[in-house]
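K.L.:
Any chance you can model this:
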Amino acid sequence: MGLTLWLVPSAADSERLKKIMAPPESYLTSQTSYPKFEPHITLALIPEPSPSLDAIVSSIPDAQSALPVAFDTVQVGDHYFRSVYVAVHPNPALLELHRHVHEKLGIAPKTPKYPHISLCYINDDDAASGERDKYFQALEKSGKIRKDGSNVSLNCGKPGEEDWLSGFDSSEIWLARCEGPVETWTVVKKIALPPL
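P.N.:
Take a look at the predicted model:
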């Protein structure tokens, strides 16, 4: 994929989400399913040849503050990078930042299902055997998903504990190089966003 811009939760909220993202040992069906990765919303995919680092960073508005993220639903997808994901409420601030970054970089948006947070990546062979549905159903059966009116919350607690998360403030934008196996992706730069 190359360079990407990610909206990320705080370190504390990332750790909470990772508890949902980690499948039981019995789910490890192949080497490319269930890799570990940082929770994020992909803001932009930057095509090669990519602009300079300065140009990418300057595509983010100077006055950009942290962005509120609210969870809408948990869905089973049809693509490796959208195997099971949290659909995020497309509030005006998220949509405006998406538009602004793409306009400044002079690129067409290629961010399917924006905004969303993937909970796992499952390859197509495992998906054909029902692995994406199995992961989603396990979340539901274990009480990890709760509908709150038109939104959803995730229980990020350990077994027997409750730690509900229905969203977060995205306090940083990361520039990540996403090439090769998922677990080898690297963060090139972190851009802090002031609090709301």
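K.L.:
What distance do you get for the nearest residue to residue 113 once chain neighbours are set aside to residue 162?
P.N.:
Leaving aside its sequence neighbours, residue 113 sits nearest to residue 82 (Cβ to Cβ, 6 or more residues apart in numbering; 5.8 Å). Every residue, glycine included, has its C-beta placed from N, CA and C. From residue 82 across to residue 162, the span is 28 Å (Cβ to Cβ, to the nearest Å).
K.L.:
quick one: which of the two has more around it?
P.N.:
residue 82 (20 against 11; other Cβ atoms under 10 Å).
K.L.:
phi, psi of that one?
P.N.:
phi -130, psi 50 (degrees, to the nearest 10).
K.L.:
got a list of contacts for the helix ranked longest in the chain?
P.N.:
Of all segments of type helix in the chain, defined using DSSP state H, the longest is helix 92-105. Helix 92-105 is contacted by residues 5, 7, 41, 43-44, 46, 51, 55-56, 58-61, 64, 67-69, 88, 108-109, 111, 114-115 when judged by Cβ atoms under 8 Å, 6 or more residues apart in numbering.
K.L.:
among the residues you listed, which are in strands?
P.N.:
Under the assignment DSSP state E, the contacts of helix 92-105 contribute 5, 7, 41, 43, 44, 46, 67, 68, 69, 88 to strands.
K.L.:
Would you work out how far apart the start and end of stretch 170-181 are?
P.N.:
End-to-end span of stretch 170-181 (Cα to Cα, to the nearest Å): 26 Å.
K.L.:
Also stretch 58-66?
P.N.:
Stretch 58-66 end-to-end distance (Cα to Cα) = 16 Å.
K.L.:
got a list of contacts for that stretch?
P.N.:
For stretch 58-66, contacts defined as Cβ under 8 Å, 6+ apart pick out 5, 44, 97, 100-101, 104-105, 169-171, 173, 191, 193-196.
K.L.:
cool, and stretch 161-173?
P.N.:
By Cβ under 8 Å, 6+ apart, the residues outside stretch 161-173 that reach it are 5-10, 13, 16-17, 41, 43, 60, 64, 66-71, 88-89, 146, 148, 151-157, 190-193, 195-196.
K.L.:
what sits against the residue nearest to residue 113?
P.N.:
112, 113, 116, 118.
K.L.:
out of the residues you listed, which are buried?
P.N.:
116, 118 (16 or more other Cβ atoms under 10 Å).
K.L.:
Generate a markdown table for the contacts of residue 82, with distance to residue 141 as supplementary columns.
P.N.:
Listed next are the contacts of residue 82 as a markdown table, based on distance: Cβ to Cβ, whole Å:
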| residue | distance to residue 141 |
| --- | --- |
| 112 | 28 |
| 113 | 25 |
| 116 | 22 |
| 118 | 21 |
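K.L.:
Looking at the contacts of residue 82, which one is closest to residue 37?
P.N.:
residue 118 (7.8 Å; Cβ to Cβ).
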